[in-house]
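Participant: How does the following fold in three dimensions:
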Amino acid sequence: NSMLQLAQSTDSVYWACLTMSFMARNYYNRMMPDSLMYWANKVNTLALQHKYYKIYFDTFSLVCSWELCDKNYDSALDKTNQLYLLAKDLNDANGLIASYETIGLIYLETFRYVEAIKSFEAGLELQRQQTNPRYSYQFQFMSYIIEAYLKLKDYKSTKEILADAYELVEQCEVKEKRFPVKRCLWLLSCYNIEMYVSQQLPKKAEAYIIEAKQYNDIDDFYVFCYYNLVSASYYQLLGDYTKALEK
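Facilitator: Model (predicted):
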């Protein structure tokens, strides 16, 4: 609110747009759709008018994602198609990347895993081509692809994209100080646990159970829940139902 007031007092349209996009993301993260829509509409009108396309596409994609979370698949797909067509018309890479992500998520949620992978791969490749690539965004695309391959039980392809993700994290540990290295390594450990439990290979899964435990102090609710879920499946595979229930 203070940032927005300052932006308005200095008549800075760019900073007003950017700050309102932060407000929209805040309410998206807090699962407050009415406030999300309110701020997103304000951002989108102003950002599109002044051609701040990156802010526009980032914020509009939040609206699409919320529709998806709320299982309004038809509305989410309609909005995402609008996003894609505008991005294509403007030849805007950020818009195309955002639309590939959201379309892929719709396919992922509706069990169309092969189509989801194609959309995510298109977004990942376009993100890699950018002059200033967003490495966290690249990792996010890789995570989606891993999830889709796990659903398909295509373990060969899962291992290949896992190797790419580990390589990206290793590179970012050196050159990208703000990259959440530990959080990403924790998530990758969880993917490995799920993969080996699915193949009924408890010894291999155990190595990643041990690896994942060192990241337990990280404050990330999504990975925390996922870690406990895959750990429960590991202990269930071992027949240790008491530990499975504790998770």
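Participant: now the longest helix seen in the chain, how far from the centre of its chain.
Facilitator: The helix spanning the most residues in the chain, taking DSSP state H as the definition, is helix 155-175. Centroid separation for helix 155-175 versus its chain: 16 Å, with C-alpha atoms, centre = their mean, to the nearest Å.
Participant: and it, what does it pack onto?
Facilitator: On a contact count with 3 or more C-beta pairs under 8 Å, 6 or more residues apart in numbering; DSSP states H and E, helix 155-175 meets helix 135-152, helix 181-198. The way it works is simple: take the backbone N, C-alpha and C, and place the C-beta from them, glycine included.
Participant: mind listing what's buried in the last one?
Facilitator: By neighbour count, with 16 or more other C-beta atoms under 10 Å as the criterion, the buried positions of helix 181-198 are 182-198.
Participant: Can you tell me what sits against it?
Facilitator: For helix 181-198, contacts defined as C-beta atoms under 8 Å, 6 or more residues apart in numbering pick out 139, 143, 146-147, 150, 153, 155, 158-159, 162, 165-166, 169, 172-173, 202, 204-205, 208-209, 211-212, 215, 218, 220, 223, 226-227, 230-231, 233-234, 237.
Participant: switch the cut-off to 7 Å
Facilitator: Helix 181-198 has contacts (C-beta atoms under 7 Å, 6 or more residues apart in numbering) with 139, 143, 146, 150, 153, 155, 158, 162, 165-166, 169, 172-173, 204-205, 208-209, 211-212, 215, 218, 220, 223, 226-227, 230, 233-234, 237.
Participant: now swap in the first one and tell me
Facilitator: Contacts with helix 135-152, where a contact means C-beta under 7 Å, 6+ apart, come from 101, 104, 108, 113, 116-117, 120-121, 123-124, 127-128, 157-158, 161-162, 164-165, 168, 172, 176, 179, 184, 187, 191, 194-195.
Participant: what about burial for those residues, which qualify?
Facilitator: Of those, these count as buried by 16+ other C-beta under 10 Å: 101, 104, 108, 113, 116-117, 120-121, 123-124, 127, 158, 161-162, 164-165, 168, 172, 176, 179, 184, 187, 191, 194-195.
Participant: buried subset of the contacts of helix 181-198?
Facilitator: For the contacts of helix 181-198, buried by 16+ other C-beta under 10 Å: 139, 143, 146, 150, 155, 158, 162, 165, 169, 172, 205, 208-209, 211-212, 215, 220, 223, 226-227, 230, 233-234, 237.
Participant: Ends of stretch 40-56, what's the gap?
Facilitator: Stretch 40-56 has its terminal residues 9 Å apart, counting by C-alpha to C-alpha, to the nearest Å.
Participant: and that stretch, average pLDDT?
Facilitator: Here stretch 40-56 scores 90 as its mean pLDDT.
Participant: List the buried residues of it.
Facilitator: Ala40, Lys42, Val43, Asn44, Leu46, Ala47, Leu48, Tyr52, Tyr53, Lys54, Ile55, Tyr56.
Participant: Roughly how far does the residue nearest the centre of the chain sit from Tyr53?
Facilitator: Centrality entry for the chain: nearest residue to the mean C-alpha point is Gln140, 4.4 Å, by C-alpha atoms, centre = their mean. Separation of Gln140 from Tyr53 (C-beta to C-beta, to the nearest Å): 20 Å.
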